[in-house]
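K.L.:
got a structure for you, letters missing:
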């Protein structure tokens, strides 16, 4: 039990031991081990990123199918579970079309950068006890900062495509991401006020000792989930993509591999948002019987499924209502929530 | 691009956005050249013709019998409804009397296809607003209606079921079974869809007060069908100028006054209930009618006497009229259709300016247009 719980930590320890031994044998300075371990961590994060994106793309299509009274993809592999891999191969093999008047370097850069923010954020999220690649004291602030960057590649894509639909989409991304950053930060602040720390692992420890913060801060949880959906540009806040209004919004001029990168990055962004919600509100990797990392995966799975459920149920909100909802409802609510939290904490 | 300062005194540029013809929510190949200021529309120029097949000319070059199946391809969501005005006009020229049973069958199929067409209209409406799942439930319901048609005449969408002088086939056991299924499922569907959509806050926000058409404007722009009735004009050809045997039945016509996108949705859902009632009444009347002729005696080779005839019917999209002029030859001299979707979209240029891009989508969707009909 203990062994399975710490399996990834043990693997990391083993790898570190192997590197130490190798470096000693080659007569190189042992300080290089840390550099090599960073590389290993990055590889691990990329693998996690790609795996969860591949899984959640097919899971979304399955779940959407069940919601819409149809079986969903069910041909490739066992009950269709290999469909995403097939689609990814197809997209990679496709011709890479770049519009003639596009800003070509930026057009490419946008697709490449799309994966960076979720990877940076995943580094700080504790998947289990001692399983955060980057255990920062200001973990929450760091994750908030890098997830904000996620709107930059989308804006670049909208600008570089030289298409009016893309440009409108790009403008909407900035509009939305900056606005929803505010209630999201306020919601997380009230959590931090309760837990008394910015460190993600310590927040989980706090929840292990007391109780899940979703019961202490239910309002903050709801606001966080809404803002997270908006930050990930998911329906009902998928205005930048807005298929029925802007054809494909910022992604109109993207095809093949570049489109696939954006598509997968979207799921990675969602996974980060779900992971953060799990860590901050649902007790992270804590839970009985099962190993911690499995609890983490299960909880994020539930939140991801909620994201998908919402997407396939609600109509799209209009751009101006998105903003008025944020500034007129969410921000005052979270401010009030912080005030009440502060007063209660002061009295206790 | 022209440069100007907008109402708030901010510097902004008006730009042109090609909304369509390749666009997911123009219901095909409608092309709107939209003048935009930021996200706000300041002018619309509707361009059509991307699906023009020269339907009227094709029909003029063929015999009457060869021309009939082309009518199905106008409003392809309701095939039989398009057969009817053409057939009625030709029958006026021929001067034939249609058997009562055939008339009832015509009405029954027209109402069933009207139901199917409304299902598409409502479903696509919800889908265009972004709730993609909303399209699957009405389409399931439409499937039951199409199954009825398939059992009756062997074709699902382009049926050409209504023929000169009568109809193609009488009802059979297979049709009865499909009909029972339709009757059993429709009330359940209506109730469920009301629960799914009606009180959705986002849906209400996206549709209430958007694209408002006053009763005067609606009449000035010759709107017909549910779009007209949603603006408060109580006009339905089935009741006000009955054709076939509609005068035998009491036709209830719901009328709303708001005239906005939301009213057009509610109007369709209310009419679905009335259509369903009417289908049941017509079916009951058909069962009472003695089994007999479903075709009048018409000559093998159709050569109507020289002259003109005009017939119009209430179609799912509005009033469909058909003018047929004959010289007494094998082919008609002139065939012309009044296509309801074509007349309905004329008002876009008046109501769209001032709305956001997202609202343009709501407005187009709420009109329930079919490009096959607009372009002819």
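P.N.:
Arrived safely. What you see is a predicted model, and the numbers here were worked out from it, not measured in a lab.
K.L.:
Residues of the stretch 51-200 of chain B that sit close to chain A?
P.N.:
B:126-134, B:136-137, B:140, B:200 (CB under 8 Å from any CB of the partner chain). Backbone N, C-alpha and C define where each C-beta goes, glycine included.
K.L.:
What is the nearest of those to residue A:193?
P.N.:
If you rank these by distance to residue A:193 using CB to CB, residue B:200 comes first, at 35.0 Å.
K.L.:
That closest one reaches residue A:315, doesn't it?
P.N.:
Yes: contact criterion CB atoms under 8 Å: residue B:200 and residue A:315 qualify, at 6.6 Å.
K.L.:
need the helices for the stretch 201-350 of chain B, in chain order.
P.N.:
Taking DSSP state H, counting those that start in this stretch as the criterion, the stretch 201-350 of chain B contains helices spanning B:201-207, B:215-220, B:226-229, B:237-240, B:261-288, B:340-344, B:348-351.
K.L.:
So the fifth one, near chain A or not?
P.N.:
No: figure legend: helix B:261-288 not in contact with chain A (CB under 8 Å from any CB); closest approach 11.8 Å.
K.L.:
For that helix, name the packing helices and strands.
P.N.:
helix B:100-128, helix B:173-197, helix B:201-207, helix B:226-229, helix B:357-367 (3 or more CB pairs under 8 Å, 6 or more residues apart in numbering or on different chains; DSSP states H and E).
K.L.:
try it again with 6 Å
P.N.:
Judged by 3 or more CB pairs under 6 Å, 6 or more residues apart in numbering or on different chains; DSSP states H and E, helix B:261-288 is in contact with helix B:100-128, helix B:226-229, helix B:357-367.
K.L.:
Quick one: distance of the last one to the chain centre.
P.N.:
This means helix B:357-367. Remark: helix B:357-367 is offset 17 Å from the chain centroid, using CA atoms, centre = their mean, to the nearest Å.
K.L.:
If you average the pLDDT over the helix or strand just after that helix, what comes out?
P.N.:
Counting by DSSP states H and E, the next helix or strand C-terminal to helix B:357-367 is helix B:371-375. The average pLDDT within helix B:371-375 is 86.
K.L.:
give me the number of residues near the residue of the stretch 201-348 of chain A found nearest chain B?
P.N.:
Across the stretch 201-348 of chain A, the shortest distance to chain B (CB to the nearest CB) belongs to residue A:316, at 2.8 Å. Using other CB atoms under 10 Å in any protein chain shown, the number of residues around residue A:316 comes to 26.
K.L.:
Roughly how far does it sit from residue B:132?
P.N.:
Going from residue A:316 to residue B:132 by CB to CB, to the nearest Å gives 10 Å.
K.L.:
repeat for residue B:77
P.N.:
19 Å.
K.L.:
how about the top helix by length along chain A: buried residues?
P.N.:
Longest helix in chain A, counting residues (DSSP state H): helix A:32-67. Neighbour-count burial for helix A:32-67 flags A:33, A:36, A:41, A:44-45, A:48-49, A:52-65, A:67 (criterion: 16 or more other CB atoms under 10 Å in any protein chain shown).
K.L.:
does residue A:28 count as helix, strand or coil?
P.N.:
Classification of residue A:28 by DSSP: H, G, I helix; E, B strand; the rest coil places it in coil.
K.L.:
repeat for residue B:354
P.N.:
Here residue B:354 takes the coil state, with states given by three-state DSSP.
K.L.:
And for it, the neighbour number?
P.N.:
By other CB under 10 Å, neighbour count at residue B:354 equals 10.
K.L.:
got it, and the one 10 residues further on?
P.N.:
Residues contacting residue B:364 under the criterion other CB under 10 Å number 28.
K.L.:
before we move on, what about residue A:26?
P.N.:
For residue A:26, the number of neighbouring residues by other CB under 10 Å comes to 8.
K.L.:
can you tell me how far the spatially most central residue of chain A sits from residue A:98?
P.N.:
Nearest to the mean C-alpha position of chain A, by CA atoms, centre = their mean, lies residue A:272 at 2.3 Å. As for residue A:272, its distance to residue A:98 is 29 Å (criterion: CB to CB).
K.L.:
Check residue B:18 too.
P.N.:
Residue B:18 is 20 Å from residue A:98, where distance means CB to CB.
K.L.:
before we move on, what about residue B:134?
P.N.:
Applying CB to CB to residue B:134 and residue A:98 gives a distance of 36 Å.
K.L.:
that older thread, can I get the helices and strands packed on helix B:261-288 in CSV with mean pLDDT?
P.N.:
Formatted as CSV, these follow (pLDDT from 0 to 100):
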stretch, mean pLDDT
helix B:100-128, 90
helix B:226-229, 90
helix B:357-367, 88
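K.L.:
Deepest-packed of those helices, please.
P.N.:
Across the helices and strands packed on helix B:261-288, the average number of neighbours (mean count of other CB atoms under 10 Å in any protein chain shown) peaks for helix B:226-229, which reaches a mean of 27.
K.L.:
Could you give the number of residues near residue A:138?
P.N.:
Residues near residue A:138, counting by other CB under 10 Å, number 14.
K.L.:
how about it, what does it touch?
P.N.:
Counting by CB atoms under 6 Å, 6 or more residues apart in numbering or on different chains, residue A:138 touches residue A:198.
K.L.:
per-residue pLDDT, it?
P.N.:
Here the pLDDT value assigned to residue A:138 is 84.
K.L.:
and what of residue B:11?
P.N.:
Listed pLDDT for residue B:11 reads 69.
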